[in-house]
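# any chance you could fold what I've pasted below:
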Amino acid sequence: MRENLMNKKISKKWKAGILFFLLIGFLMSMTFIRLPYFAFKPGSVNELSRRIVVSEGRSFEPSGEFHFTTISQDSSINGWEFLEGTFKESVHLIDEDSILGTRNRDENQTFNFELMRVSKSTAVSVALSHLGLEPYKATGVGIASVGGPSEGILTTSDVIVAVNKKEVFTDQDLITEIRGHEPSEIIQLNVEKIDGSDPREISIELGSREDEPSVAFLGIAPQTRIEDNDDLPVQVLVNTGRIGGNSAGLALTLSVLDILTPGELTGGFQIATTGAIDLEGNVGPIGGVEQKTITARKAGMDLFLVPENSLEKAKKHAGEMKVAEVAHLDDALTVLTDLGGNGDSLELPKN
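Numbers count the residues shown, from 1 in each chain. Presented below is the predicted three-dimensional model:
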């Protein structure tokens with residue numbers, strides 16, 4: 001009897017020990033396992049005025065401020081973080097294949113830095129264009145592909161700058177000039193390399209289009225060569241550090257406009273924004289709206305501008321913070337004007 005009791009006690013101790021070690025194993029596996037997901041959480045707001053440098057032209061110190069919002073990205077999550085993302089609404093889990101595609105993690109980081117580089121350049125261009133400047137200039141006609149009468153004479157490394165001594169700056173200029181000639185005519189082209197080197201003159205006998213035999217045909221796919229316009233009265237540089245992605249485009253555009261012009265575009269308020277921007281001023285969609293809204297709200301922003309079709313997601317997490325959706329730069333300027341800013345009267349200083 002006593003021996004049976006002893007055996008039962010030993011058995012219970014073994015069971016307790018096994019359970020203890022199983023628990024320790026589970027806790028350790030949850031801590032050290034790495035799952036193939038990215039976790040996106042609320043990040044930070046970043047004021048922009050100190051990141052924008054006007055190297056030529058006048059600048060104005062704003063009393064309000066534009067901020068771009070970021071999310072915190074964890075690219076190596078354990079079991080606990082996976083559970084957090086599963087049950088916590090402010091954390092968004094995305095499988096790594098959807099994020100990386102065919103890129104590895106280092107390539108993905110490089111890709112995001114390139115997105116930011118393009119976004120900064122685009123934002124400055126949109127701002128300058130809104131102020132009546134031309135940030136780019138057409139300087140000739142590049143060649144996307146070669147065939148027909150140009151094959152063996154022109155290459156995709158060439159740029160056409162004149163036809164029969166008449167300068168051509170855009171693809172439409174070239175098309176107009178070619179259509180002014182007849183098939184079998186010999187024309188003179190002034191050509192140089194893409195970087196402007198190796199200028200030369202060549203002769204080409206025009207062919208005829210298969211679908212319209214009476215129309216002259218050069219046999220290339222033309223594309224306008226665009227270069228930065230270095231003759232602008234203002235020059236702007238943007239330093240975003242090691243932040244990647246393109247979702248700061250709208251914020252950068254608005255901040256450049258605010259700094260280059262007198263008056264208060266913000267109306268003196270703290271404005272957070274998110275949204276990509278293209279050269280036509282269209283505001284594009286971005287990810288992480290929920291996390292960015294939480295970030296903006298916690299930072300005490302007065303207004304959060306989001307891309308079109310993101311309003312409902314943002315409002316769900318905005319609390320008392322005002323949120324507005326915009327589809328174009330003009331929409332954002334209208335919202336800011338209604339807030340008390342000078343979005344409807346932006347101009348460069350006269351002197």
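
# domain assignment for this protein?
For the chain, automatic domain parsing gives the domain ranges 41-134+232-339, 136-228.

# please identify the most buried of those domains.
Highest mean neighbour count among those (mean count of other CB atoms under 10 Å): domain 41-134+232-339, with a mean of 19. C-beta here means a position set from N, CA and C on the backbone, and glycine is covered the same way.

# that one: how far from the chain's middle?
Centroid displacement of domain 41-134+232-339 relative to its chain, using CA atoms, centre = their mean, to the nearest Å, is 9 Å.

# and stretch 119-138, by the same measure?
15 Å.

# tell me how far the spatially most central residue of the chain lies from Phe66.
Taking CA atoms, centre = their mean, the centroid of the chain lies closest to Asn246, which sits 2.5 Å from it. For Asn246, the distance to Phe66 equals 16 Å [CB to CB, to the nearest Å].

# you'd agree the residue nearest to the centre of the chain is up against Ser121?
No. Applying CB atoms under 8 Å, one finds Asn246 not in contact with Ser121, separated by 10.9 Å.

# show me the contacts for the residue nearest to the centre of the chain.
By CB atoms under 8 Å, 6 or more residues apart in numbering, the residues touching Asn246 are 115-116, 118-119, 276, 284, 286.

# so which of those comes closest to Glu192?
Nearest to Glu192 out of the contacts of Asn246 is Val118 (CB to CB; 26.1 Å).

# tell me which helix or strand the closest one sits in.
helix 105-130 (DSSP states H and E).

# pLDDT on that helix, on average?
The average pLDDT within helix 105-130 is 84.

# mind giving me the packing neighbours of it?
Using 3 or more CB pairs under 8 Å, 6 or more residues apart in numbering; DSSP states H and E as the contact criterion, the elements in contact with helix 105-130 are strand 235-238, helix 249-260, strand 276-277.

# how about the nearest residue to Thr261, chain neighbours excluded?
Leaving out its chain neighbours, the residue that sits closest to Thr261 by CB to CB, 6 or more residues apart in numbering is Leu346, at 4.9 Å.

# for that neighbour, give its distance to Ala39.
For Leu346, the distance to Ala39 - CB to CB - is 40 Å.

# next one: Ala299
On the measure of CB to CB, Ala299 and Ala39 end up 21 Å apart.

# equivalent analysis for Leu115, please.
Distance from Leu115 to Ala39, by CB to CB: 20 Å.

# circling back: ok and the helix holding Val118 relative to helix 249-260, angle-wise?
Going by axes from the mean of the first three to the mean of the last three CA atoms, to 10 degrees, helix 105-130 is angled at 40 degrees with respect to helix 249-260.

# what pLDDT, on average, does the helix or strand following helix 105-130 get?
Going down the chain from helix 105-130, the next helix or strand is strand 136-146, by DSSP H and E. The pLDDT scores in strand 136-146 average 89.

# need the residues that contact strand 136-146.
Contacts for strand 136-146 (CB under 8 Å, 6+ apart): 125, 154-156, 158-161, 168-171, 173-174, 192, 194, 219-229.

# let's see 6 Å
With contact meaning CB atoms under 6 Å, 6 or more residues apart in numbering, strand 136-146 is reached by 154, 156, 158-161, 168-171, 174, 220-227, 229.

# same thing with stretch 216-228?
By CB under 6 Å, 6+ apart, stretch 216-228 touches 136, 138-150, 159, 170-171, 174, 178, 181-183, 206-209.

# average pLDDT across that stretch?
On average, stretch 216-228 scores 88.

# how much space between the residue nearest to the centre of the chain and Phe111?
Applying CB to CB to Asn246 and Phe111 gives a distance of 11 Å.
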